[in-house]
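K.L.:
Prediction below, plus the sequence it came from.
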Amino acid sequence: AQSVSQHNHHVILSEAASLELGCNYSYGGTVNLFWYVQYPGQHLQLLLKYFSGDPLVKGIKGFEAEFIKSKFSFNLRKPSVQWSDTAEYFCAVWNYGGSQGNLIFGKGTKLSVKP
Amino acid sequence: KAGVTQTPRYLIKTRGQQVTLSCSPISGHRSVSWYQQTPGQGLQFLFEYFSETQRNKGNFPGRFSGRQFSNSRSEMNVSTLELGDSALYLCASSLQGEGYTFGSGTRLTVV
């Protein structure tokens, strides 16, 4: 079965700094990859997803992610963070195991942006 | 269109009791998945229902069960509650099983 690891538990940045959050998945072959964000007190929202095609995926709120198959990675990036980006970020991969697949999440990375 | 609605938002139960949580998916979505979110374990998959049938199940004990009705609404039941069941329970709906939209969750506290 698939697994997902996120390298950083907590990242603290100042406004306007660049962001890169690491995500690695365990299994090769066809993968569907996702990044979700959970703002304080809010529900999980989809930031972006990759199914196939251009490995550089653009999402909402200026976020992008790059799928690198050879590295089993799907890192999330943003050139300049804002205080409003303070949230927890989850990388997820679609697991095709069992009779039907399911979404497997990493443990999450908390991002704190200092104004 | 209305999002995924979970009720209740908060719940406090005593050890040994049972609890039922409800999820109304986005209109037209036939797949409903449930996740448990805790600070230590993160988001863990409980089960998924599609057209009233459980299609997939995670590694949780039999005390955790669910069902889906003909209108795609789903309920999750936890019997004989333990302190460790305290968590945020999230429901997600989708058309076929990918591209989840999540609800706000039910925060269950077991005392």
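P.N.:
Received it, and whenever you're ready, just let me know what you need.
K.L.:
Could you pick out the residues of chain A near chain B for me?
P.N.:
Residues of chain A found near chain B (C-beta under 8 Å from any C-beta of the partner chain) are A:32, A:36, A:42-46, A:49, A:90, A:94, A:98-108. Placement of C-beta: from N, CA and C, glycine included.
K.L.:
can we see that at 7 Å?
P.N.:
Residues of chain A lying close to chain B (C-beta under 7 Å from any C-beta of the partner chain) are A:32, A:43-44, A:90, A:94, A:98-105, A:107-108.
K.L.:
Buried members of these into ChimeraX, please.
P.N.:
Those of these that count as buried under 16 or more other C-beta atoms under 10 Å in any protein chain shown are selected in ChimeraX with:
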select /A:32,43,44,90,94,100,101,102,103,104,105,107,108
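K.L.:
now, which of the residues of chain A next to chain B lie within strands?
P.N.:
Among these, the residues falling in strands (DSSP state E) are A:L44, A:F90, A:W94, A:N102, A:L103, A:I104, A:F105.
K.L.:
Sketch out the low-pLDDT regions of the chain for me.
P.N.:
With no chain named, the answer covers chain A. Counting by pLDDT under 70, chain A has low-confidence residues at A:28, A:97-100.
K.L.:
should've been chain B
P.N.:
Ranges of chain B meeting pLDDT under 70: B:1-2, B:96-98.
K.L.:
residue nearest the centroid of it?
P.N.:
For chain B, the residue nearest the mean C-alpha position is B:W34 (3.6 Å; C-alpha atoms, centre = their mean).
K.L.:
these two touch, right, that one and B:N77?
P.N.:
No - applying C-beta atoms under 7 Å, one finds B:W34 not in contact with B:N77, separated by 10.6 Å.
K.L.:
where do the contact lists of those two overlap?
P.N.:
Any residue near both B:W34 and B:N77 by C-beta atoms under 7 Å, 6 or more residues apart in numbering or on different chains counts here, and that gives B:G66.
K.L.:
Tell me where chain A has strands.
P.N.:
A:4-6, A:10-14, A:19-21, A:23-25, A:33-38, A:44-50, A:56-58, A:64-68, A:73-78, A:87-95, A:102-105, A:109-114.
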